[in-house]
Each structure stands twice: as structure tokens, then as C-alpha cells.
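S.K.: whatever this is, show me its structure:
(2 chains)
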Amino acid sequence: MKAIIIEDEEPARDLLRKYLEPFTDIEVIGEYIDGYEGAKAINKLKPDVVFLDIQLPRLTGIEVLELLEHAPMLIFTTAYDEYALKAFEKNAVDYLLKPFSRDRFSQAIERAKSRISSQPNTEQSIQQLAENLTTESHLTRIVVKSPKAMNVIPVDDILYLEAQDDYVMIHTSESRHMKKQTMKYFEDRLNPDQFVRIHRSFIANVSHITKLEPYSKDAFIAVLKNGAKLNVSNSGYKALKERLSF
Amino acid sequence: MQNPILSKKLGIIVFAIWWTAMALAQFAALSIFYGLKTEISAIDSLVYNIIFAALSLGIWYWVRYSDLEKQKIFNIVLNHLASATLSILIWITISDFILKSIFPNDNSYIDFLNTSLPWRIAIGTFYYILSGLIYYLIIYIQNFREQTMRESEIKTLVRDAELNWLKHQINPHFLFNSLNSISSLTMSNPEKAQEMVIRLSDLLRYSLKQSSQSFVSISDEISNCVKYLEIEKVRFGKRLNYSISAPDAVMDFQVPAMILQPLFENAIKHGIASSSEQGEVKAVFESNQNFLKIIISNTMPEESQNAKGMGVGLVNISRRLSLLYGQNDLLKSNIVDSNYIVEVIIPKLNR
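M.R.: Numbering: from 1, shown residues only, chains lettered A, B, ... in the order given. Sure, this is the predicted structure:
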């Protein structure tokens, strides 16, 4: 079995390596200290099992999940993430609360081994897990994978989001990014003071709206700072009115 | 600041009733005691009272300006003498002018207007003093209310702080990750593990000993933070570099307990933990007769360089400082050359 460790603290990496020594059938093929490099390595090296911390530099362990194109068995190692524990329990992964004993570690390995043969993770189940893991606070950035690269988009840079079938198109002033996700997901997780669902197909960043133009008798169009024009529905108009208090 | 009488419905009603009553009293006096014609008495009392009512609203600004706590008593008296003279002069001149234009041919009334001048000045003085006193009373009540509100806010905050003291001071992430490091070191380097257990115990003991109200010398705070930083250094290894520059002159300065560690914690969270590269945390202390200045800066990883505003950690420290010292500009943050810099001013205690 091939394993990858993604953990930013050296003593914690040492410990995992030590605990893994007796398992001669597991080979550690890479150790990474930040989420970005970790996610790249998983997609490239396709390990069977990944030890993943949640609080990591550059990308959190949860954001790593959103970028995966390969579905390894996941064993989370975390110090204190109350909100995450429930999500772990619901999904086919194990988690180790730091500090953890050798026995507890071995148990996690055994569990991972038996799961690989009985009910391996799928990309879908991992995306499901990522959704359940999202914290209660609002999104500050969105990670998107494209065939060429992995992008981290700060939400302040987003002009608007547009529904496109099973995808959401994220528009910034420089580029567009497609993410397989629902509008509802973003509506629930973006800060409602900044992002308003102005239409069935659009969520707009209100700080980038320059004006509202009347379109017909009681329909409006929102004009963004890059010149994009978006339809505003009746309920969207009401929501905007409430948010901008005019 | 707006006139408090006009900013509340009740104020406007009381104001209107008072001046109506004054006008009615004057009307009664003129028509009954002086035997003036009903029409003349009515217009005379209306003109005089409406004009003073209007002038009295302006007295508010004189009162605001002549703050009892900020100005010397001599200046206040001088201010009011000047404003009273001016108000009464304006009042009598305008009223006189209007009334004489309304009744240009009524010689007996004009006579009366001229002879009653001392009386009018007396009434004007009375009105002025009354308005002034009422305004000072309003200011007093406002200050009193503000004070009680602030005090009760401090009380609840102190209670919350006491309840959450340990929880706030010892970040669970820090605690459990440190314990995990120790667990690892017990196998690879038992001596270093022991050292770290001792440092962690010292740190816990220090924060348990302090309450949110206690004051300690900055040298105690600094040596506590060195222990904290040494533990973090074990966790983050080469990624964390720190320096502290504190001249001997600052060492006895009294500061609120546990004010320094959250500042370092914040710097490490954003400068070190969020980057896989090496980072630096720098602390500089300076003092003069009036205050101690703490400057803590951290390098910013590329990804977070467009970040703006203060995190929850800094907002909490700023809030605690503003409650302790009654000033809300003691903590400032800004970004210079991709370094995040937090500047804290601790005023000297007057004991």
C-alpha cells in the first residue's frame, strides 16, 4: 500500500512515520507540509491511503478534498475540530485526535485496509465529505481545479457566480472558473452581507455592482464594474433592496 | 451634536408647553396688571416668547462649548456672560423692532415698551439662566447614563472573561498540537520532550494565576512569551524565526496580564502557520513617561497579502484594552512591505 502524509509540523510527521514502521506493507511515498502541494501529489501519485491534517498552510485539509481527482482512503489527524468530528463519523474515513496512541493508530490502519477491499472511497463520496466538513463560518476563498491548474480564488475577487447546468461559473475580473457545485451550496456558504442571489441563475458580489438599470416595467438589470449585465428577478430585487437599503 | 430638546419627541412637547405657559403668563400680566389691550398683550407676549424660545435653542451650543469638565470655571463664566448679554440684546432689539413696526402709532404702548426695559432684561436673564441650567442638567444625565452603561458592560465582559479565561488564553489547537509534539519527542528525543513539558506547565501555570483584571510587569509577560515561542519553535521548526528587542528601561512597565501572548499567537497564526516557507516574527518595545509601545510584526505569506482588516484575535485584544483604559485607539494594524504590523499603546497607570 502506498501512503502520503500531509502534515505541517515536523514532530507530528516523525510520529506518523514511527507508528508506520511496523507496517511493512505500507510505503510512505511522499510527505508534504502544505495543502496545495499535498493535493497535487495525491492527484499525481495516486496513493491508497492519505494521512491528512486539517489546519495546514495554503489550503486546509477540507479544501484539499475539493481538489482531488483520485479517491484514496483518508485518515484525518486533527488537534481540535469539533465541527469536523460529526462529518468524519458519517463518512467512510477514520480520524485520529492528537495526541493519539499507537494502538489507536493501528486500529485506524486496520480499518482503512478492510475498507479498501469492502467499500473504497469514490470521488463522489469524497466530495460529499468535503461538503459535510465545511465550517460554520463563511467561505473566504474558493478552490477550483481545472485540467491545467488548481486555483485559489479569494471571494473578494469574485464579481458574480452563474448557474450552468450541473456547474457554477465563477467570474472574476481576470478569469472564469467552472466548479461542479450547486448555486444553493454557494448561497448558503458565502457571506450574505456581500453576496446576494439576484436571480435563479446569478449570485452577485454587491460591492462590485455599479448600478441598477430599469429594463422593463418592473424588471431590472444589475451592471457590474466590468460592464457585465445581469438579470435581476423580483425576489432578487427585494433581496438587493434589503441588502443595500435603498 | 444636535440639540437634545429637538432630538426627542418628549423634548419638543415639553418645550412647546413651557413656552406656551410663559406666553400665557405674560399675556395675563400685561392685560390684567398693566391694563393693556387684549390684542396688544397677546402680540407682545407672543413676539417676546417666540423669539426667546428660538434663541434658547442656540444656548445649547454655548453650554456644549463651555463643558464643566474641560474648561476653567473663569472661562465658563466669561462665556456665559458674553452669550447672555448677546442673547438678551438680540432678543430685546428684534422684539422691540417688530412690535414698534406693528404698532407704530400707539404712543402709550411704545412708552410702555421703553419703560419696561429693565423688567424685560430681568426676565431675559432669568430665561437665560433657566435654559442654561436645564442644558447642564441634560448633559449631566446623559453622561451619567453613558457611565452606567459602560460600567455594566465592563461588568458583563469581566464575568465572561473570567468564565472563558483559560479557554481564551490557551488555544486548544496550540495545546493539543503541543501535546502531540511531546508525544512524538518522547520516542525520538526524551530530553527535549521533558523540556517541552516543563515549558508548557509553566505557561499553563502563568495563565491560571492571572485574572483578566490583574496587572504584571512587561518583563513577566515577555519571559512567558519566550516559553510560548520556544514551544511553537518545536512545532514549526525552521519555519519560525523570532526576535524580541526590549531595552531594560521598559522592563518594569505595568501591563494587563496575558496581553502579549495573544499578539504573538496572532502573528504566528498568520505569518508562520499559514505558510510552508520560513517566516519571521519580530517584537520591539519602547517606552516614555506616558506609555509603552509594543510593535509586533510578522512576514506575510504571498497568498494572504491581499487580506485586509483585523482578525477576531486582535479585535478581542483591542476590546479588552479599550475597556481597561477607556480609549479605543490603543491597537492599530497596518501592512508595510508585506509585513503585517500591530502596534499597541499601553498607557501608564496613575497610582
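S.K.: can you count the residues close to B:Gly311?
M.R.: 12 (other CB atoms under 10 Å in any protein chain shown). Backbone N, C-alpha and C define where each C-beta goes, glycine included.
S.K.: same check, this time on B:Gln278
M.R.: B:Gln278: 13 neighbours (other CB under 10 Å).
S.K.: and it, how far is that from B:Gly237?
M.R.: 10 Å (CB to CB, to the nearest Å).
S.K.: list the contacts of the residue nearest the centre of chain A.
M.R.: When CA atoms, centre = their mean is applied to chain A, the residue found nearest the centroid is A:Glu63 (3.5 Å). A:Glu63 is in contact with A:35, A:39, A:141, A:143, A:152, counting by CB atoms under 8 Å, 6 or more residues apart in numbering or on different chains.
S.K.: just the pLDDT for the second one.
M.R.: What it means is A:Ala39. Looking at A:Ala39, its pLDDT stands at 94.
S.K.: over to the fourth one?
M.R.: pLDDT, A:Val143: 90.
S.K.: what residues are up against it?
M.R.: A:59, A:63, A:66-67, A:150-153.
S.K.: which SSE is it in?
M.R.: strand A:141-145 (DSSP states H and E).
S.K.: any idea how far that strand is from the chain center?
M.R.: Taking CA atoms, centre = their mean, to the nearest Å, one finds strand A:141-145 lying 7 Å from the centre of the chain it belongs to.
S.K.: give the buried residues for that strand.
M.R.: A:141-145 (16 or more other CB atoms under 10 Å in any protein chain shown).
S.K.: so the closest residue to B:Glu286 other than its chain neighbours: helix, strand or coil?
M.R.: Of all residues not flanking B:Glu286 in the chain, B:Lys293 sits nearest, at 4.6 Å (CB to CB, 6 or more residues apart in numbering or on different chains). Three-state assignment for B:Lys293 (DSSP: H, G, I helix; E, B strand; the rest coil): strand.
S.K.: measure how buried B:Lys293 is and give me the count.
M.R.: With other CB under 10 Å as criterion, B:Lys293 counts 14.
S.K.: so how far is A:Arg115 from it?
M.R.: Taking CB to CB, one finds B:Lys293 at 57 Å from A:Arg115.
S.K.: helix or strand for the closest residue to chain A within the stretch 201-350 of chain B, which one?
M.R.: Closest to chain A within the stretch 201-350 of chain B is B:Ser276: 3.9 Å, counting by CB to the nearest CB. Using DSSP H and E, B:Ser276 maps to neither a helix nor a strand.
S.K.: name the residues of chain A found near chain B, please.
M.R.: With CB under 8 Å from any CB of the partner chain as the criterion, chain A meets chain B at residues A:8-12, A:14-15, A:18, A:33-34, A:37, A:55, A:57-58, A:79-80, A:97-100, A:152, A:154, A:156.
S.K.: just to revisit the earlier point, distance to A:Leu45 added to the contacts of A:Glu63, as TSV?
M.R.: Compiled in TSV, the contacts of A:Glu63 are given as follows (distance: CB to CB, whole Å):
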residue	distance to A:Leu45
A:Gly35	15
A:Ala39	11
A:Arg141	25
A:Val143	19
A:Val152	21
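S.K.: and which of the residues you listed is nearest to chain B?
M.R.: Distance to chain B, by CB to the nearest CB, is smallest for A:Val152 among those, at 6.8 Å.
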